[in-house]
Each structure stands twice: as structure tokens, then as C-alpha cells.
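Give me the fold of what follows.
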Amino acid sequence: MLPESIPTVTVRARFLTPDGQPLSGAVTFRAPAQLTFPAADVILGGPVVAQLDAQGQISATLPATDAPGMDPSGWSYTVTEQLAGIPAGRSYQLLLPAEHPVVDLADVAPTDPTKPTYVAVRGDSAYEVALATGFVGTPAQWLASLVGPPGPAGATGATGSRGDTGATGAQGPQGVPGKDGAPGVVQSVNGKSAPSITLTASDVGALPASAAGVTNGVATLGADGKVPAAQLPTGGGGGTVDSVNGKTGAVALVAADVGAEAAGTAVLLTGAQTIAGAKTFSSVPSSNAAPTADTHLARKSYVDALGGGSWLPADHGLLSWAFDPAAGHSAPIYPGSGPVRVTALYLRTPATVARIVWHFGGYAGGLQSGSWAALYNSAGTRVAQTGDLSTAPYEPAEVHTAGGATVSTPLTATYAAPAGLYYVAWRMAYNTSTGDGPMMLVAESSFGSPPNVFGLNPVRRFGSYATGASAAPASITVGSMDNGSNRFWAALA
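The predicted structure follows:
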């Protein structure tokens, strides 16, 4: 805050767009030099920058330009407007006399380019001063009061005398001759003198127009700034191209136009390359070398050899099985009428499943309606099922021989199974008094606590549900299976 002994003037302004929106920016007030006020023991320096507020307004309090005892004196502020959206801001000079303590820039800033850039704040007129000192009346009356009474008439002056006319003087000497006039008509053109002169191209160091577009000649430019086609020589590849690979106009060639494969569609014979998307080969890719890393392709013979002497499901025309049937219990077991039996098995590769397979030690028929079989995924969701086992076709059709046989029944629809864990579940209802149900192949499963969960990643390998519905449920709860069931053999084909 300035000392009270220094008179100040408050400058205000508001800046808006033509539609009334506030402008943004700043207005800078700059004195020509540092200002010294000896009486107040103050030295002021630097510009004063007034930022426009949200309403486009500014207010700045500045020392008056006529402050008494100020050094230097007789100066004015340089006002510079820097407003957003107005590339060329105004700059002008401004006097701020102390007699006007509040000034609005709208009243004093120049708007007409023809006006001078020096703007002085208006002071009181002589009429206003007269009113302030006691005069009463209109401006016209005040002007009239300035006219005093007429003074006395002055005396008439004496009439001056007229002198006599002098004698005529002698004639002066002749003046200097003027400069010669402009030259006359042209006497010759390019060395030719004749009443009618015709120049040729060679007279002016130029080639004749007939030389345009001919051998050892020149080419001229057309109105489009290009050499006309008629002036271009024919043959020898110098003319314009008529077509490219049978295409005309604005030609854009693709790989197929030149008998090539598009980038990214061909497999490189050498070098590193990433091949994305499903690929179909007309011939199966093969390799004579054994794989040396997990990411390498392997020959079928190499994979088969990893099985050693063990039998695999594929060796018996199956996709997967619960265990090698040769390792089954010597005596088959009835599954019981009513409970749901479950056997887990694993598909190592994706496969299309069409049938559920069991091995019967003996079967005399007699299944009743409400007998079914279904396939569930690892979450217990049903993904496929058979028809009613009491009427479903079996392969082979006759399975009630004393020696038993491997039998299968079709799913109502084939299932494209991803690789993973699956559960085969079935329910067989029959007359237990006659023992008409099948005797099924089982593995020894008397090991206890529990007998059906193995490994560091435990999987329920088999189990049962004491009460089963008459139709395959949409899902089963794997964790609620009974652990103490027999391990019945099942397979997929």
C-alpha cells in the first residue's frame, strides 16, 4: 500500500466480447522510469499488471502523474492491453492527474486510429472553474460576461501621399539558350532501317515457334504449366504411360497385379516369423528330426514311443478311458438300481465325442425307463447326454453273453469337446430281484479315507449319488459325491 502522502488515482475498466461475454487477459501500466518521492522516503519501480477477473474487470490504484515533489515529473503512463482473442493489443499514453481520483478506461482510451496515442484525463473547463468560484448562469451567459464594454473610438489617421511614376528602363541582355528537345522517331531496329521492319526470332536471339517439340528444338509450357503432349517425342519410352498392367486412370497396383503375395500372407522359408490364425494344410507337415524343446512340433511315431509298452485308449479305438481295462477287478459288480454312478476321465487333446462306453461282464437286459447317461465338464455342467438306456441302441446289439463285452451307446448329439477333465455319469433302473442289470467292470477301490482322491492337485476320480433323478440333471455338484463308491470303468468314443 502506498503512503498516504502520495496522491493516487484508481483506474477501472471492463472488457467484453461483442455478445457480452467477459474477455480474459491483462492490462499493464508502466511509468517511464523509477519514481522517487523524497517527502515519503519511497522509490517506486516496475510495471503494474492488472489481470481481468471472471467478469472481465480490472482495478488498479496508481500514483498520480502530477504528484507534488515527485522525481521525475511531467511524464505519462504507457498503457498496454493484452486480451485473449485480440492479437494486436492497444498501447497508448495516459495522464492521471490527482484531481480525478477515479478514472474508467472506457472514458479515456482511444478508439479512433486517427486520434493521437497520447490521452490526457479531462480537467475542469473554464466555465466549470467559474461555477466553482461563484458564477451563476448558463454557458452562454458566462461567455457573454467575458465581453467588456466597447472602448472609445480612435482618431482617424492622415492620408498618405502618392509618389510620381519613374522613367522606363533600358532593355536587358538575351537569355541563355534552352536544352535540346526529345529525340525524333526511331531510325532503326536491331540494325534494320526501312519504312516497314519485320523481325524474326533470330533477330532477337530466340528460337522460332516451329522448333517446339521437334528434334534439337525446345518445349513450351501450356496453360497448366506443363509440356503439352503434342510436343513430347514419340517412341523410346519418352511418352506418357497409357496403362499399367492393364489398368488406366489413377493406377494403384496391389501384390496380385504383379503376381506376388501380399505382405504378411506368405510363410518365409528362412528367418524368424510369427504366423497367426488357423492354417489348413493340403498335406500334413512332417519332420524327420525329434523335438528338442517343449515348443517344437513332434512326429506321431515320437509321441507314440513315449507310451512305451503301455496300451493307450487309441489302441482300442477310444478317445479316453478311466484306466486300462486289463487292470480291472477280476469280478464285475452291479451298479445298483437307482443311484447315480460317476467316473472321471481326461481328454488330452480336443475331440468330437459321439458315444459313452462301458464293459459289461454279463447282461440279460431288463433296464427300465428312467435309465440314462450323460457327460459333464469339470465344473459339473452337462454338455451331452444319451437317450433312455432302456430303449437306446447298443453296440454290439447283443451284450448278454456269458463272457461279457465292451458296449457303447450314442449321444443324442455329438459334442466338440475341448481338452480337459470330464465326468461320465449314469443311472440304471432295473428289477433287483431278478438281477437284470448289467455287471460292470471295476477297478479295485477298497483303499480308504478317501479312496477316490489322489495327487497334489486332488481330483475326485469316481463316486456316486445315493439318489438319482429319472432324467440327467443340467448340472452335478462334484464336491458332494460319495467317496466310498466302486470305481466303475467308463470310456468315450
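
use CA for all of it now, contacts and neighbours both
Will do.

which stretches of the stretch 51-200 of the chain have low pLDDT?
111-125, 142, 157, 159-166, 178, 180-187, 193, 195 (pLDDT under 70).

can we see that at 50?
118-119 (pLDDT under 50).

what about the strands in it?
57-63, 77-83, 91-95, 102-104, 118-120 (DSSP state E, counting those that start in this stretch).

Which elements pack onto the third one?
With contacts defined as 3 or more CA pairs under 8 Å, 6 or more residues apart in numbering; DSSP states H and E, strand 91-95 has these neighbours: strand 77-83, strand 118-120.

ok, now the fourth one?
Taking 3+ CA pairs under 8 Å, 6+ apart as the contact definition, the neighbouring helices and strands of strand 102-104 are strand 8-14.

hmm, who's touching the strand it packs on?
55-64, 96-98, 100-106 (CA atoms under 8 Å, 6 or more residues apart in numbering).

try 7 Å
56-64, 96, 98, 100-106 (CA atoms under 7 Å, 6 or more residues apart in numbering).

my guess is residue 342 contacts residue 423, does it?
Yes. Using CA atoms under 7 Å, residue 342 is in contact with residue 423, at 6.4 Å.

which of the contacts of strand 8-14 are buried?
The neighbour count (16 or more other CA atoms under 10 Å) marks 56-64, 96, 98, 102-103, 105 as buried among the contacts of strand 8-14.

My read is that residue 380 contacts residue 475, right?
Yes. Between residue 380 and residue 475 there is a contact under CA under 7 Å: 5.3 Å.

if we can go back for a sec, pick out the most distant pair among the buried ones among the contacts of strand 8-14.
Using CA to CA, those span at most 26.0 Å, a distance reached by 56 and 98.

Pull out the buried residues from stretch 468-486.
468, 471-472, 476, 478, 481-486.

cool, and stretch 39-58?
47, 49-53, 56-58.

same question, stretch 426-438
Buried residues in stretch 426-438 (16+ other CA under 10 Å): 426-430, 435-438.

Mind putting those into TSV with distance to residue 309 and secondary structure?
Converted to TSV, the buried residues of stretch 426-438 look like this (distance: CA to CA, whole Å; DSSP: H, G, I helix; E, B strand; the rest coil):
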residue	distance to residue 309	secondary structure
426	32	strand
427	35	strand
428	36	coil
429	39	coil
430	40	strand
435	39	coil
436	38	coil
437	35	coil
438	32	coil
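
Domain parsing of the protein, as residue ranges.
8-120, 314-492 (automatic domain parsing).

got the end-to-end distance for stretch 90-99?
26 Å (CA to CA, to the nearest Å).

how far out from the middle of the chain is that stretch?
52 Å (CA atoms, centre = their mean, to the nearest Å).

which stretches of the stretch 351-493 of the chain have low pLDDT?
Using pLDDT under 50, nothing in the stretch 351-493 of the chain is flagged.

quick one, helices of it?
Using DSSP state H, counting those that start in this stretch, the stretch 351-493 of the chain contains no helices.

ok, now the stretch 51-200 of the chain?
105-108, 126-132, 139-145.

got a list of contacts for the second one?
Outside of helix 126-132, the residues within contact range by CA under 7 Å, 6+ apart are residue 139.

tell me which residues of it are tucked away?
residue 127.

Wait, a helix at residue 315?
Yes. The assignment for residue 315 (DSSP: H, G, I helix; E, B strand; the rest coil) places it in a helix.

What separation is there between it and residue 304?
Distance from residue 315 to residue 304, by CA to CA: 10 Å.

got it, and residue 384?
In terms of CA to CA, residue 384 sits 30 Å off from residue 304.

Same check on residue 261?
Distance from residue 261 to residue 304, by CA to CA: 38 Å.

now do residue 285
For residue 285, the distance to residue 304 - CA to CA - is 17 Å.

neighbour-wise, which of these two wins?
Applying other CA atoms under 10 Å to residue 285 and residue 304 shows that residue 304 carries more neighbours, namely 11 against 8.

what secondary structure does the more buried one sit in?
From three-state DSSP, the assignment for residue 304 is helix.
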